[in-house]
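**Q** any chance you can model this:
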Amino acid sequence: MDFRIISIGTLSRHELWGESAATRTAHATTTLIRSGDRVILVDPGLPPQILQARLTERCGLQPGDITDVFMTNFRPAHRWGLSAFPQANWLVSEMERETTGRYLIARLDQEQEEEAAELIRQDIQQLQRCQPASDRLADQVDLFPLPGFTTGTCGLLLSHLNATTLIAGDAAGTYEHLVQGRVLQGCVDAEQGQESLREVIEIADVIVPGHDNLLLNPTRRPM
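**A** All right, here's what the predicted structure looks like:
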């Protein structure tokens, strides 16, 4: 099993940098995992054409080489490039699929504007295409629930010979959030989010944040 970062994500507004308004387009950090015959892309956060170019630049792959796409949550910044992988299995945690589905249906029932309703219907269609992820995606690649930012936020735990890597999604938004012990703004359950962040710090030697480059766990090794 091996992994690499395909694209480093960013927040639209980084509150720990003192930003009070959106200054850029948010997109999630995208990670590629290879284990056995599975080629798993996590959080396709860039538009399809850009993501395809990054895949080629970073690992010489084309979208058709991807067997599975896993999203740590179903927020738009984690799935902008999803349509580039029609042949792959689209995966989210079962809890994320269920809670997001209920939320989208409730929004659709309340929406009066047809243009906005059509966008919600498109989200529902994408979610219906997603399958609930099994507890083990591949050898050495296991689901790791990290609720808080969304109810069903779920990371992936990669088991190496003498270390662990956790693709944490928005449970650990950026380096600053991690070292300051802060959850991202917009977290649906801040208390649960804090507990998940503590789990990230406890379990992982290497952490892939939701919107930053990978880093060594600052509580275990000098940065």
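**Q** for the rest of this, base every contact and every neighbour count on C-alpha atoms.
**A** Fine.
**Q** from residue 70, how far off is the spatially closest residue to residue 94 that is not a sequence neighbour?
**A** Residue nearest to residue 94 in three dimensions, not counting chain neighbours: residue 132, with 4.5 Å by C-alpha to C-alpha, 6 or more residues apart in numbering. Applying C-alpha to C-alpha, to the nearest Å, one obtains 10 Å for the distance of residue 132 from residue 70.
**Q** looking at those two, which is more packed in?
**A** The residue with the greater number of neighbours, taking residue 132 and residue 70 and applying other C-alpha atoms under 10 Å, is residue 70; the counts read 29 against 15.
**Q** test of understanding: give the bridge partners of that one.
**A** residue 42, residue 91 (DSSP bridges).
**Q** surely the residue nearest to residue 94 touches residue 89?
**A** No: between residue 132 and residue 89 no contact is recorded; they are 10.1 Å apart, counting by C-alpha atoms under 8 Å.
**Q** quick check: neighbours shared by residue 132 and residue 70?
**A** Here residue 132 and residue 70 share the contacting residues 91-92, scored by C-alpha atoms under 8 Å, 6 or more residues apart in numbering.
**Q** okay, now residue 74: neighbour count?
**A** Neighbours of residue 74 (other C-alpha under 10 Å): 24.
**Q** and for residue 59?
**A** Here the number of neighbours of residue 59 (other C-alpha under 10 Å) works out to 12.
**Q** report pLDDT for it.
**A** The per-residue pLDDT reported for residue 59 equals 96.
**Q** ok, now residue 221?
**A** Per-residue confidence (pLDDT) for residue 221: 56.
**Q** OK, contacts around the residue nearest to residue 94?
**A** For residue 132, the contacting residues are 91-94, 97, by C-alpha under 8 Å, 6+ apart.
**Q** a strand runs through residue 33, doesn't it?
**A** Yes: for residue 33, which was evaluated using DSSP: H, G, I helix; E, B strand; the rest coil, the result is membership in a strand.
**Q** quick one: contacts for it?
**A** With C-alpha under 8 Å, 6+ apart, residue 33 has these contacts: 1-4, 39-42.
**Q** how about the nearest residue to it, chain neighbours excluded?
**A** Per C-alpha to C-alpha, 6+ apart, closest to residue 33 is residue 3, 4.3 Å.
**Q** please verify my assumption that the one you found contacts residue 39.
**A** No: with contacts counted by C-alpha under 8 Å, residue 3 stays clear of residue 39, the gap being 9.6 Å.
**Q** looking at these two, which one has more neighbours?
**A** Shown here are residue 3 and residue 39; by other C-alpha under 10 Å, residue 39 has more neighbours (21 against 15).
**Q** need the mean per-residue confidence for the helix or strand where that one lies.
**A** In this structure, residue 39 is located in strand 38-42 according to DSSP states H and E. pLDDT averaged over strand 38-42 equals 98, rounded to a whole number.
**Q** list the buried residues in that strand.
**A** In terms of neighbour count (16 or more other C-alpha atoms under 10 Å), strand 38-42 has its buried residues at 38-42.
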